[in-house]
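Engineer: got a sequence here, can you model it:
(2 chains)
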Amino acid sequence: MDGHGHGAVTVTDAAPAPGAGLRAAARIVAAPDGRGGTALPVLEGAGPFALRRPRSYGHEARVALVGAMSAPLGGDRLALAADVGAGAALCFTTTAATIALPGRTGAPATYDTRLTVGDGGSLRWLPEPLISARGSDLRQTTHVELAATACLVLREEQVLGRAGESTGRLTTRLTVRRAGRPLLDQELSYGPGAPGGWDGGAVLGGHRAVGQLLVVHPAFEGGQVSPRALGPTAALTPLAGPAVVVSALAPDALALRKVLDSALSQLNAVIRAF
Amino acid sequence: MTATTDVADVADVAVGAAGRAALLVLADGRFPAGGHAHSGGAEAAVKAGRVTDVPSLEAFCRGRLHTAGLAAAALAAAAAAGADPLELDEAADARTPSLALRAAARRLGRQMMRAARATWPSPALDTLASARPRGAHQPVVLGLAARAAGLGPLDAAYAAAYEAVSGPATAVVRLLSLDPFHATAVLARLAPELDVVAVAGAEAGRRASDEGLDVLPAPSAPLLDITAEQHAAWPVRLFAT
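Structural biologist: Residues are numbered from 1 along each chain as shown, chains lettered A, B, ... in the order given. The predicted model follows:
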């Protein structure tokens, strides 16, 4: 996949000068606009983060993150935050894959995302995949705080290396809390220098794309959805809460997306029937 | 080695009042807590052709050690260090997305609870047993059992981490008719990493009991989660997981 220089969001751990790592942050605030829709009183992005507002449909506001700078970027510490207020609805996408690239100093890059959704609020967080280019080293965290009646659709996809190259190093942790209690906490580490066995039969087993889809909605309270296999390397399972997670492995990003999209339409059908 | 060094070594390994012997009792594969019925995902991995020989068994066990093993070691150590068992149980749920694996962890926790209460009676075990009559997550019960036995967080972490690899290695001997000497050699080769995982788990467990459970690691193994749901649906299987 060649997103480099073509509008891709590129994460690099290259510091422009010794001891001067670049930092970039973006922040989105979504709130009810008082007319049945959602307003975006805060929409701020700097450095590699350019936020665009595509036309919204109905109640939900939409934000797209566009890679605004050509690589190599100096953004070695990226932070992205979105707050969806009570009763608001937001859909977030990116226009291209995010590519973690090697830097000159060898220091890891960091990319931290903080999301909150208030009561009756809804967030669909659907970025394009993260690609770990050979030689890169990225530490990614995503923290989500959900109010008791908040809804969430969150997709995460990682691709181990661009076409034909070996993978970089990635550690990515997704922590989701609902009503102040832990709902899902998952960290995946792979690549050179990661704890051993990551490519063996217990963890990734030679697959080059890995992803998960988390859907939190009252329709999933009380275990209405039974666990099931979605082909040989994907499964859907209810969490200990009103939520379902789909975990999937695939040979590449395209095959991974196909599995997650198919699962999402099944889950949307459950939600519509609720 | 002088007598002084020996005492220091013992104190280092066993932070609680008891010495190493109680740890041997707890970590013994014959401790009647039901672990022998579980392959730790190895049965599904053998069926899928991901574990076929000694090297693929070793890669499987190494991956399991650094993911499920570390998570269990940290939970057990936190329980042994005195963290709230019910909050740990909730943290274990969040770290176990697979329903089949949550159910298995609770069944194993219930069996461990029965064995532990008979072996090392303690009010803490009684309290958790009545709060979670259908079973708490096994590593949490294991940690409380270690504490009741006078053992410390590092001991509990060792027992949990070792169990994470000894189960699959033993199961694969049966599943593939593998030479038991070769399976044991896999465990021996993993020993240095087992030390690292146990120490990391113990450190996280001690910190968690002071700073809160967010500091506990949450390493995941996608294939273990995915294949656990498939395995649970098999009509006939040799092992429970």
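Engineer: at the geometric centre of chain B, which residue sits there?
Structural biologist: Centroid-nearest residue in chain B, with C-alpha atoms, centre = their mean: residue B:160, separated by 2.7 Å.
Engineer: gap between that one and residue B:126?
Structural biologist: 22 Å (C-beta to C-beta, to the nearest Å). Bear in mind the C-beta positions are built from the backbone N, C-alpha and C, glycine included.
Engineer: ok, now residue A:271?
Structural biologist: Residue A:271 is 43 Å from residue B:126, by C-beta to C-beta.
Engineer: ok, residue B:203 next?
Structural biologist: Per C-beta to C-beta, residue B:203 is found 29 Å from residue B:126.
Engineer: looking at those two, which is more packed in?
Structural biologist: residue B:203 (16 against 12; other C-beta atoms under 10 Å in any protein chain shown).
Engineer: least trustworthy helix or strand in chain B by mean pLDDT?
Structural biologist: Least confident helix or strand, chain B: helix B:3-13 with a mean of 42, by mean pLDDT, DSSP states H and E.
Engineer: ok, and the closest non-adjacent residue to residue 219?
Structural biologist: Since you didn't name a chain, this refers to chain A. Distance criterion C-beta to C-beta, 6 or more residues apart in numbering or on different chains; nearest residue to residue A:219, sequence neighbours excluded, is residue A:274 at 3.6 Å.
Engineer: can you look at chain B instead?
Structural biologist: residue B:67 (4.3 Å).
Engineer: mind listing what residue 179 touches?
Structural biologist: I'll assume chain A. Applying C-beta atoms under 8 Å, 6 or more residues apart in numbering or on different chains to residue A:179 gives the contacts A:146-148.
Engineer: try again with chain B
Structural biologist: Per C-beta under 8 Å, 6+ apart, neighbours of residue B:179: residue B:173.
Engineer: ok, now how distant is it from residue B:185?
Structural biologist: In terms of C-beta to C-beta, residue B:179 sits 9 Å off from residue B:185.
Engineer: just residue A:217 next, same as before
Structural biologist: In terms of C-beta to C-beta, residue A:217 sits 49 Å off from residue B:185.
Engineer: the two: which is more packed in?
Structural biologist: Neighbours were counted for residue A:217 and for residue B:185 using other C-beta under 10 Å; residue A:217 has more, 20 against 14.
Engineer: quick one: low-confidence parts of the stretch 1-150 of chain A?
Structural biologist: Low-confidence regions of the stretch 1-150 of chain A, defined by pLDDT under 70, span residues A:1-21, A:68-75.
Engineer: so what does the closest residue to chain B within it have for phi and psi?
Structural biologist: Residue nearest to chain B within the stretch 1-150 of chain A: residue A:143 (9.7 Å; C-beta to the nearest C-beta). With angles defined as degrees, to the nearest 10, residue A:143 sits at phi -110, psi 130.
Engineer: same check on residue A:129?
Structural biologist: Backbone torsions for residue A:129, taken as degrees, to the nearest 10, come to phi -70, psi 160.
Engineer: wait, it sits on residue A:211?
Structural biologist: Yes - the criterion here is C-beta atoms under 8 Å, and residue A:129 meets it with residue A:211 at 7.5 Å.
Engineer: which residues do the two both contact?
Structural biologist: Both residue A:129 and residue A:211 are contacted by A:157-158, A:256-257, under the criterion C-beta under 8 Å, 6+ apart.
Engineer: Serialize those residues to TSV and add fields for pLDDT and secondary structure.
Structural biologist: Shown next, in TSV, are the shared contacts of residue A:129 and residue A:211 (pLDDT from 0 to 100; DSSP: H, G, I helix; E, B strand; the rest coil):
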residue	pLDDT	secondary structure
A:157	97	strand
A:158	97	strand
A:256	98	helix
A:257	98	helix
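Engineer: what about residue B:31, which SS state?
Structural biologist: Per DSSP: H, G, I helix; E, B strand; the rest coil, the local secondary structure of residue B:31 is coil.
Engineer: hmm, it is touching residue B:25, no?
Structural biologist: Yes - Residue B:31 is in contact with residue B:25 according to C-beta under 8 Å; the separation is 6.7 Å.
Engineer: with neighbour numbers in mind, choose between these two.
Structural biologist: residue B:31 (19 against 15).
Engineer: ok, now which ones touch that one?
Structural biologist: Per C-beta under 8 Å, 6+ apart, neighbours of residue B:31: B:25, B:115.
Engineer: same thing but 10 Å
Structural biologist: B:24-25, B:112, B:115-116, B:119, B:145, B:159, B:163 (C-beta atoms under 10 Å, 6 or more residues apart in numbering or on different chains).
Engineer: return the set of residues that bridge with residue A:82.
Structural biologist: Note on residue A:82: beta-bridge partners by DSSP bridges are residue A:28, residue A:115.
Engineer: any idea how far residue A:117 is from it?
Structural biologist: 9 Å.
Engineer: what do you get for residue A:266?
Structural biologist: Residue A:266 is 23 Å from residue A:117, by C-beta to C-beta.
Engineer: these two - which one has more neighbours?
Structural biologist: Neighbour tally, residue A:266 and residue A:117, criterion other C-beta under 10 Å: the higher count belongs to residue A:117, 28 against 15.
Engineer: tell me where chain A has helices.
Structural biologist: Counting by DSSP state H, the segments of chain A that form helices are A:253-272.
Engineer: related to what we said a few turns ago, between residue B:31 and residue B:25, what contacts are shared?
Structural biologist: Counting by C-beta under 10 Å, 6+ apart, the residues touching both residue B:31 and residue B:25 are residue B:119.
Engineer: you'd agree residue B:126 is in a helix?
Structural biologist: Yes - looking at residue B:126 with three-state DSSP, it is inside a helix.
Engineer: correct me if wrong: it contacts residue B:117.
Structural biologist: Yes - here residue B:126 reaches residue B:117: they are 7.0 Å apart, a contact under C-beta atoms under 10 Å.
Engineer: next, name the residue at the spatial heart of chain A.
Structural biologist: Nearest to chain A centroid, counting by C-alpha atoms, centre = their mean: residue A:156, 4.1 Å.
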